[in-house]
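In: return a 3D structure for these sequence lines:
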Amino acid sequence: MDILHELRRVIQLEAKTLTHLERHLTPQFEEAVKMLQACQGKVILLGVGKSGLIANKISATMVSTGTPAVFLHASEGMHGDIGIVAKDDIVLAVGKSGESDELLSLLPFIRKIGARIISITATLESTLVRHSDLVLITPIEEEACPLNMAPTCSTTAALVLGDAIAMALMKLRNFQPDDFALFHPGGQLGKRLLLMVRDCMRQGEANPVIDLSQSIRMMLCEMTSKRAGAVSVIDDEYCLLGLITDFDIRRILEQGKDFFSMTVAEVMNEKPTFIYDDEKAVNALEFMEKREKPISVLPVLDRQEKVVGMIHIHDLIARGL
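Out: Residues are numbered from 1 along each chain as shown. Prediction:
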């Protein structure tokens, strides 16, 4: 057997199935999306076997993009899990043949609860179709399986249709990047959109600050103990007067000056760059990295222009940004 030829055959056949599906979209598909958008409850994805796996994935996609949804395994539904279905819900039942016993056995009880049923099936004449309020047909000429038995093209069609419905609902709900981030707080995108500077900065006792009147020796002790590589110079009102970094110290030593005879005012940068605590942490990271001369620390101010922290590039990297 030519393995590459076989791989191409399967891919081409499944691609053909999707093209066929796209050409057979009817007003019923639009009606289904509108029904799901108007649903006052949740969407119950129902299936068993391979179709159950597809239903589970569609459920996960909907949940993560703003549509309340849950997967119900047809077999478990007969043993108590049907209790998750409420009268305001819509059941989206996935089944190629529409004749799976486990799936069909639940339909009378779903009807009794009062939930509506939308079916995704490849078989127009089936028991599932007769028990559905709305039917979405995914026409399948043949499976990619050499025996025309294992669900391949049929599951691909159902999966892609589920994705299409979820994305249409996402747009109708005006689901934005900030919403996506809120639903994915553990991912990099979520962190980049949700984490603020105040969430990552060194604050309180960990914030390296000194008064303008303090000695160079005290400044070094503060910088060393807080391990930030810098210290903010403040006045009695915690306003930022300047910044001293380890780079500033090295530069003075390289010039051969008597460092310990100098004052804090003589050493500090009087116009340091800073960032506000309510800005996104990723903005701080990008600013530090993309400057003509990259920096590793930034003093952090609140909107009252008071020093509230110090952000180090290592802190941002450690948070997964």
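
In: where in the stretch 51-200 of the chain is pLDDT low?
Out: For the stretch 51-200 of the chain, applying pLDDT under 70 flags the ranges 178-194.

In: can you give me the strands for it?
Out: 69-73, 90-94, 116-121, 134-137 (DSSP state E, counting those that start in this stretch).

In: measure Glu30 to Leu136 for me?
Out: 11 Å (CB to CB, to the nearest Å). The way it works is simple: take the backbone N, C-alpha and C, and place the C-beta from them, glycine included.

In: for Ile252, same thing?
Out: 73 Å.

In: pretty sure Val10 contacts Ala144?
Out: Yes. Val10 is in contact with Ala144 according to CB atoms under 8 Å; the separation is 4.4 Å.

In: so what sits against both of those two?
Out: The contact sets of Val10 and Ala144 overlap at Thr152 (CB atoms under 8 Å, 6 or more residues apart in numbering).

In: of the two, which one has the most company?
Out: The neighbour comparison of Val10 against Ala144 (other CB atoms under 10 Å) goes to Ala144, with 20 against 15.

In: which ones are touching that one?
Out: When the contact criterion is CB under 8 Å, 6+ apart, the partners of Ala144 are 9-10, 13-14, 152-153.

In: ok, Pro68 next?
Out: If you count contacts by CB under 8 Å, 6+ apart, then Pro68 has 41-43, 62 around it.

In: rewinding a little: which of the strands of the stretch 51-200 of the chain sits most buried?
Out: Using mean count of other CB atoms under 10 Å, the stretch among the strands of the stretch 51-200 of the chain with the greatest mean number of neighbours is strand 90-94 (a mean of 27).

In: just the angle between that strand and strand 116-121, please?
Out: 20 degrees (axes from the mean of the first three to the mean of the last three CA atoms, to 10 degrees).

In: partner strands of strand 90-94, parallel or antiparallel?
Out: Sheet pairing here is set by DSSP bridges, and for strand 90-94 it gives strand 43-47 (parallel), strand 116-121 (parallel).

In: which residues does the first one contact?
Out: The contact list for strand 43-47 (CB under 8 Å, 6+ apart) reads 36, 53-56, 58-59, 62, 67-74, 77, 84-85, 89-95, 103, 106, 115.

In: how many neighbours does the nearest residue to Arg319 once chain neighbours are set aside have?
Out: Using CB to CB, 6 or more residues apart in numbering and skipping the chain neighbours, the partner closest in space to Arg319 is Cys200 (5.5 Å). For Cys200, the neighbour count with other CB under 10 Å is 23.

In: in this structure Cys200 contacts Leu316, no?
Out: Yes. Using CB under 8 Å as the test, Cys200 is close enough to Leu316 to be in contact (5.8 Å).

In: overlap in contacts, those two.
Out: Looking at what touches both Cys200 and Leu316 (by CB under 8 Å, 6+ apart), the common residues are 281, 284.

In: pull out the buried positions in stretch 270-284.
Out: Within stretch 270-284, the residues that qualify as buried by neighbour count (16 or more other CB atoms under 10 Å) are 272, 274-277, 280-282, 284.
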